[in-house]
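Participant: A predicted structure for the sequence below; I have some questions about it.
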Amino acid sequence: MSEEALENLLHEDRTFPPDPDFAAAANLSASAYEAATEDRLDFWDQQAQRLSWDQTWNQTLDWSAAPFAKWFVGGKLNASVNCLDRHVSAGYGDQTALIFEAESGDSRHISYRELLEDVCRAANALEALGIEAGDRVAIYMPMIPEAVVAMLACARIGAPHSVVFAGFSAEALRSRIDDAAAKLVITADGQFRRGGAMPLKPAVDEAVSQAESVENVLVVRRTGSEVEWSERDVWWHDVVASASPEHTPEAFDAEHPLFILYTSGTTGKPKGILHTTGGYLTQAAFTHWAVFDLKPESDVYWCTADIGWVTGHSYIVYGPLANRATQVIYEGTPDSPHRGRFWEIVERHQVSILYTAPTAIRTFMKWGDEHPKAFNLSTLRLLGSVGEPINPEAWMWYRSIIGNDLCPIVDTWWQTETGAIMISPLPGVTEAKPGSAMRPIPGISAEVVDDDGNAVEPGGGGYLVLDQPWPSMLRGIWGDDERFVDTYWSRFPGRYFAGDGAKLDKDGAIWLLGRVDDVMNVSGHRISTTEVESALVSHHKVAEAAVVGATDDTTGQGIVSFVILRGSSAEDDGLVDELRAHVATEIGPIAKPRQILVVAELPKTRSGKIMRRLLRDVAENRSLGDVTTLADPTVMNLIADGLAQGASD
Ligand code: WT7
C-alpha cells in the first residue's frame with residue numbers, strides 16, 4: 001500500500017456503533033468475547049457442538065507437534081451429512097438451499113432434499129468410478145449447482161477435492177493435478193460468459209494428456225458445445241443421473257483431509273493448502289453464523305465469490321450449508337447483460353446478506369449510482385467485504401448506496417490458509433470503522449509485531465501474526481512439510497506469520513495494509529511476482545523479467561512487468577500483446593500484466609538481487625527512493641524515462 005493511502009488511513013476516524021435494533025436480534029453478544037478469553041478451548045468446544053458428530057472428541061486441541069495441529073482429536077463426522085442430511089432429517093427438506101441464477105437470467109430453486117439426493121447420486125457415481133476415501137479429485141467447473149454437488153460428493157466419500165479456478169489455464173490446471181496426483185477430474189463442456197458459450201473441456205484435455213495420475217474425466221453438459229471425447233471421459237448425466245439417490249455416509253476422523261486448495265506464495269510453485277474436516281467445518285459454520293448473523297428461516301444470503309477460491313469453499317459451500325442457509329449462486333459476470341445485474345439479482349431473490357469484494361465495489365462505484373438505484377435493495381440488512389483492504393471511500397459508498405446507510409458492514413480478514421474468518425467486526429456487537437477489519441473474532445488471537453517480533457503499541461505498524469492455533473488453520477502444504485514450517489512459522493518462531501502488514505490504531509483496531517512479501521493482490525486474487533516472472537521468462541523472446549504490484553484504483557494492485565529481451569529479439573508492435581497472451585496461457589487471464597515495459601537493464605544490487613522496491617516506485621510514479629546500493633545507479637533513470645514515454649500497452 002502506498003504512503004499516501006497509509007496517510008489517509010491515519011486520518012480516518014469515523015466510527016459506526018452497532019444499531020440498537022440490529023443488536024437486539026443479533027446472533028451473538030459481547031459476552032462471546034469474554035467467554036472465549038476466559039477459556040479459548042472451551043469456547044471452540046462449544047462451537048464444535050453446532051455440528052453433528054458420529055463420535056465426540058476426547059481432546060479439543062493437540063498442539064504437541066506444533067505447528068502441526070490436531071483439533072477435536074478422536075472425533076468423527078461427515079461434512080456432507082452436516083451440510084445436508086441432518087437438515088433433511090430435522091424436517092427442512094423442502095427449504096431452498098440454492099437459488100441458482102444462470103447467466104441467461106433463468107433461475108431455479110434447489111431444496112435441501114434435492115441437493116442431498118444429487119450429492120448421494122454423485123457420491124455413488126464417484127464410487128463406481130473407483131474413487132475411495134483419500135483419493136484426490138480435481139474440480140474445474142463453472143459456477144453451477146453441479147460444482148457444489150461435486151464438492152459435497154467428494155466430502156461424503158472422504159476424497160479430498162482440489163478445486164481449480166476455471167479461469168486458470170491448462171498449464172496451471174496440469175501442475176495442480178500433478179502435485180496432488182488427482183485420480184479424477186470433474187469439469188464441464190463449457191461455461192456461459194457474457195451471453196456466449198466458452199469452452200472448458202479443451203483445457204482439461206490438454207492438462208490431462210500429460211497427467212499420469214488421472215483415470216477418468218467426469219463431464220457435466222452445460223453449454224452443449226461439441227467436445228472431443230476419449231476413453232477416459234464420462235458424461236455426468238450418464239453416470240450421476242442414473243445412480244441411486246441414497247448413499248450411506250461413512251464418518252471420518254476429525255483430521256481427515258477435506259480439501260486441498262492451491263494458492264500463490266513467494267516462489268513460483270503454488271502451495272497446496274491442506275484443510276481437514278472437524279476444525280475447518282466448526283470455524284466455517286461458527287463464523288458464517290456469527291459474522292453474517294445468519295437467520296436460516298428468513299435470510300437470503302449471497303456470496304459472489306467463485307468456488308475456485310477459498311471464499312467459495314467456506315462461505316458458499318461449507319459454512320452456509322452447515323448452517324442451513326438459503327443462498328443465491330450466480331453463474332455470470334456483474335456486467336452482463338447490463339451493469340445493474342447484481343442489483344437485479346438482489347431485488348429478484350430478495351437478498352438480505354451480501355458478501356463481495358472491494359474490487360467489485362470500486363468497479364460499481366465507477367459505473368455510477370444509477371445502476372444500483374434502479375433496483376429495490378431494501379431487503380439487504382448486512383454487507384460483507386473480503387479479499388483485500390477496502391478503502392474508506394469504497395466502504396462509505398457501499399454503506400450508503402448499497403446499504404441505504406442502514407446495513408452494518410463486516411470487513412472480514414482471513415486467508416486460504418486460515419480457512420475461515422479471523423478478524424472482523426461483529427454486526428450488532430462491535431463498532432466498525434471504514435477501512436478497518438477491527439479485531440480478532442472471539443476465539444482468535446492476533447498481534448501486530450515489529451521486526452523483532454515485539455507487539456507494537458497502539459498507533460504503531462508492523463506485521464500481522466496469529467499467536468494461537470485456531471480450528472480451521474491449514475494443517476500443512478500438500479507434500480511439503482518443510483515449506484509449511486519455513487513459510488509460515490520461521491519468521492516469528494512459534495507464531496504464524498500471515499504475510500500482511502498491519503497497523504494498530506489508538507483504540508487497538510487493526511488496519512490491514514496489504515502484503516509485505518512478493519505476493520500481489522489483484523482483484524482479491526493472490527498472484528506471486530515469481531510466478532508471473534517465470535511465465536514471462538518461459539517465452540522465447542524474454543531473457544529476464546521483474547514483476548511488481550503497483551497500486552491500482554480498481555483492482556487494488558495491478559501487475560507491472562519489466563522485461564529484458566534476448567539478444568536477437570527486437571521490440572515490435574505486437575510484442576506486448578504476445579507476452580500478455582503468453583502469461584494468460586501459462587497461468588490464466590487474471591495474471592495478465594497491466595503493463596509490460598521492455599528495458600535494457602534491471603536495477604540490481606551489487607550481489608545481483610533485483611530491487612523491486614525501486615521498480616514499484618517507478619510503476620507508481622513516485623520519486624525514486626535510495627538508489628545508492630544499485631550496481632549501476634543510472635539504470636533507474638533509463639527505466640523511468642521509458643515509462644514516462646508510455647512504452648506500455
Ligand atoms: C490475503 C489472502 C480471504 C479469502 C479471499 C482471499 C488479503 C483478505 C482482507 C481484508 C485486507 C485482506 C490479505 C490476505 N485480504 N481479506 N478484509 N482486508 N486484506 O484469500 O487468496 O488466500 O488471500 O488477502 O492480504 O493475506 P487469499
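Facilitator: Received, thanks. Numbering: from 1, shown residues only.

Participant: return the nearest residue of the stretch 301-450 of the chain with respect to the ligand.
Facilitator: For the stretch 301-450 of the chain, the residue closest to the ligand is T416, as judged by Cβ to the nearest ligand atom, at 3.3 Å. (Glycine included, C-beta is placed from N, CA and C.)

Participant: so that residue: helix, strand or coil?
Facilitator: When states are read from DSSP: H, G, I helix; E, B strand; the rest coil, the local structure at T416 comes out as coil.

Participant: that one: neighbouring residues, count only.
Facilitator: Each residue near T416 was counted by other Cβ atoms under 10 Å, and the total is 19.

Participant: surely it meets L274?
Facilitator: No: in this structure T416 lies outside contact range of L274 using Cβ atoms under 8 Å: 10.6 Å.

Participant: surely M151 touches V163?
Facilitator: Yes: counting by Cβ under 8 Å, a contact exists between M151 and V163, whose distance comes to 6.8 Å.

Participant: what sits in contact with each of these two?
Facilitator: With contacts defined as Cβ atoms under 8 Å, 6 or more residues apart in numbering, the residues shared by M151 and V163 are 139, 259, 307, 313.

Participant: can you tell me which of those residues is nearest E246?
Facilitator: Using Cβ to Cβ, I139 comes nearest to E246 of the shared contacts of M151 and V163, at 23.3 Å.

Participant: what sits against that closest one?
Facilitator: Applying Cβ under 8 Å, 6+ apart, one finds that I139 lies in contact with 147, 150-151, 154, 161-164, 185-187, 307.

Participant: low-confidence ranges in this protein?
Facilitator: Counting by pLDDT under 70, the chain shows low-confidence ranges at 1-10, 624-625, 642-649.

Participant: redo that, cut-off 50
Facilitator: Flagging of the chain using pLDDT under 50 yields the residue ranges 1-2, 646-649.

Participant: okay, domains of it per the record?
Facilitator: By the assignment in automatic domain parsing, the chain contains the domains 20-444+486-496, 523-648.

Participant: out of these, which is closest to G514?
Facilitator: domain 20-444+486-496 (6.1 Å).

Participant: what's the span of the closest one from first residue to last?
Facilitator: According to Cα to Cα, to the nearest Å, domain 20-444+486-496 extends 37 Å from its N-terminal end residue to its C-terminal end residue.

Participant: run the chain-centre distance for it.
Facilitator: Distance of domain 20-444+486-496 from its chain centroid, counting by Cα atoms, centre = their mean, to the nearest Å, is 9 Å.

Participant: and stretch 563-574, how far out from the chain middle?
Facilitator: Between the centre of stretch 563-574 and the centre of its chain there are 36 Å (Cα atoms, centre = their mean).

Participant: buried stuff in it?
Facilitator: Buried residues in stretch 563-574, counting neighbours by 16 or more other Cβ atoms under 10 Å, are found at 563-565.

Participant: can you tell me what sits against it?
Facilitator: Outside stretch 563-574, the residues that touch it by Cβ under 8 Å, 6+ apart are 536, 540-546, 579, 596-602.

Participant: how about the strands in the stretch 301-450 of the chain?
Facilitator: 301-303, 327-330, 353-356, 382-386, 409-412, 446-449 (DSSP state E, counting those that start in this stretch).

Participant: related to what we said a few turns ago, of the contacts of stretch 563-574, just the buried ones, PyMOL syntax please.
Facilitator: A single PyMOL command is used to select the members of the contacts of stretch 563-574 judged buried by 16+ other Cβ under 10 Å:
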select buried, resi 536+541+542+544+545+546+579+596+597+598+599+601+602
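
Participant: give me the three-state assignment for V583.
Facilitator: Secondary structure of V583, per three-state DSSP, is helix.

Participant: and it, how many residues sit next to it?
Facilitator: Neighbour count for V583, taken as other Cβ under 10 Å: 29.

Participant: where's the residue nearest to it when sequence neighbours are not counted, which helix or strand?
Facilitator: In space, not counting the residues next to it along the chain, V583 is nearest to A535; the distance is 4.7 Å by Cβ to Cβ, 6 or more residues apart in numbering. Assigned by DSSP states H and E, A535 belongs to helix 529-537.

Participant: pull the CA atoms of that helix into CSV?
Facilitator: What follows is the C-alpha trace of helix 529-537 in CSV, where atoms were taken according to Å, rounded to 0.1, in the frame of the first residue of the first chain:
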residue,chain,number,x,y,z
THR,A,529,5.6,-12.0,-8.6
THR,A,530,7.8,-15.0,-9.2
GLU,A,531,5.0,-16.9,-10.9
VAL,A,532,4.5,-14.2,-13.4
GLU,A,533,8.3,-13.7,-13.9
SER,A,534,8.7,-17.4,-14.6
ALA,A,535,5.8,-17.3,-17.1
LEU,A,536,7.4,-14.3,-18.9
VAL,A,537,10.9,-15.9,-18.9
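
Participant: tell me what the helix or strand that it is followed by is packed against?
Facilitator: Past helix 529-537, heading to the C-terminal end, the next element that is a helix or strand (DSSP H and E) is strand 542-552. Packed against strand 542-552 by the contact rule (3 or more Cβ pairs under 8 Å, 6 or more residues apart in numbering; DSSP states H and E) you find strand 519-522, helix 529-537, strand 556-565, helix 612-619.

Participant: figure out how far strand 542-552 is from the centre of its chain.
Facilitator: Taking Cα atoms, centre = their mean, one finds the center of strand 542-552 at 23 Å from the center of the full chain.

Participant: show me what it is in contact with.
Facilitator: The set of residues external to strand 542-552 that reach it, using Cβ under 8 Å, 6+ apart, is 1-2, 5, 515, 520-522, 529-530, 532-533, 536-537, 557-567, 569, 579, 593-594, 602, 610, 612, 615-616, 619-620.

Participant: likewise stretch 231-238?
Facilitator: Stretch 231-238 is contacted from outside by 125, 129, 146, 186, 208, 214-221, using Cβ under 8 Å, 6+ apart.

Participant: what's the first-to-last distance across that stretch?
Facilitator: The separation between the terminal residues of stretch 231-238, taken as Cα to Cα, is 14 Å.
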